[in-house]
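Generate a structure from the sequence data that follows.
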Amino acid sequence: MLSLLLTGVTSGIGRVVLRRSLEDGHTVSAVVRNAQQRTELLHRHSDRLQVHVADLADRAAVRNFVDGAKGTAFDIILLNAGCAKVGRFHRLAEQTMDDIMETNLLTNMRIVHGMMPAIQAHGTKIVFVSSIVARMPGREYASYAVSKAGLSQFYNAVSLEYPDLPLLCVEIGPVDTPFHDKADLKIEKKSMFKPQELIGNRLYEAMLTRTGITTLAADWALVRKVAMVFEDAIVALQRWRRRRSETGSTTGD
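The predicted model follows:
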C-alpha cells in the first residue's frame, strides 16, 4: 500500500481520486481549505485518512503546512487543487488574481521546494494537474491560463533539474465539475465536457502508473497538439518579421 499526499480532494476529480485511494487501501494525507471541510471528510472517510487544514491561497498557511510535513516520506504527491475566475482581466480584483496564482502555481512550487529533501530521499512521485489552456490562452481567463502555463513549465524545469524523480504532468480539458460554476463560467451546452467520474478515475490510474505528460483523453491530446503547432507557427512568424525588420533597417542605413 502507498502513502499519498493529495490536494484538491473536496470536489471534482480530486474527490474521485481520494475515494479510489482509500478503497484500494492506501494511506492518505489530504489538504483542505477549512475546518468544516476537514470535518466532512473525516465523517465520510475515517480510516487511513489524515486531513490538514491550509488555505492554499494563503502563503503563511502553506508555509506552516510544509514545515510540518517536509520530513514525511510520501510515495506520491498529487498537486490537484485549483482556483479560477473568468472575466475581463482588468475587471478582476487584484486579490482574485493573487489567489489564482498562489493556488495554481506558487503553492505547488512551495510544497515541492520545502519537501524536496524528503522527495529525493524517498523517490516520491509528483503529479501536477495542469490544463490544456496552458497552451491555449484566450479571452477572460488570462490569470488562470498563465498560472497553468507556469505549472506546466515548472514540471518541465523540475524534469530537467531532477531527472531521477518520477514526474507526471496532466494537462486536462473541461470536466463537468463544480469548478466551472465557482469560476463564474456560464456554459449552457457542455457537450465537450467529460464526466467527472471518468476523468477522476483516469487521473487515479495515471497517478499510479504513468510518468511524463498526458491529457487523459484522445481529443484533448489532439487539441493540445494543434495548439502547440499553432504556438510554434506564431513564434516562427514573429522571428521572420523581426529578421525582415532588421534587414529593412540595415538596407535603409
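
could you give me the average pLDDT of the helix or strand that E246 is a member of?
Using DSSP states H and E, E246 sits within helix 218-252. Mean per-residue pLDDT for helix 218-252: 75.

Check stretch 182-193 too.
Computed over stretch 182-193, the mean pLDDT rounds to 70.

what domains does the record give for the protein?
3-216, 224-253 (automatic domain parsing).

Please, where are all the strands along this protein?
Secondary structure of the chain (DSSP state E): strands located at 3-7, 27-32, 49-53, 76-79, 125-131, 167-172, 175-176, 194-195, 212-214.

which residues of the chain score low on pLDDT?
Scanning the chain for pLDDT under 70 picks out the ranges 180, 183-189, 230-235, 248-253.

Tell me which residues touch the one residue sitting closest to the centre of the chain, please.
Centroid-nearest residue in the chain: V129, 3.1 Å away (criterion: Cα atoms, centre = their mean). Going by Cβ atoms under 8 Å, 6 or more residues apart in numbering, V129 touches G8, I13, L78, L79, N80, G82, V170, I172, L203. C-beta: built from backbone N, CA, C; applies to glycine.

Surely the third one and I13 touch.
No: under the criterion of Cβ atoms under 8 Å, L78 makes no contact with I13, lying 10.2 Å away.

which ones are touching the residue lying closest to S131 once chain neighbours are set aside?
Closest residue to S131 apart from its sequence neighbours, by Cβ to Cβ, 6 or more residues apart in numbering: K148 at 4.3 Å. By Cβ under 8 Å, 6+ apart, the contact set of K148 is N104, L105, S130, S131, V133, A134, E171.

biggest separation within those residues, which pair?
L105 and E171 (14.2 Å; Cβ to Cβ).

what about those two, which has more around it?
E171 (25 against 21; other Cβ atoms under 10 Å).
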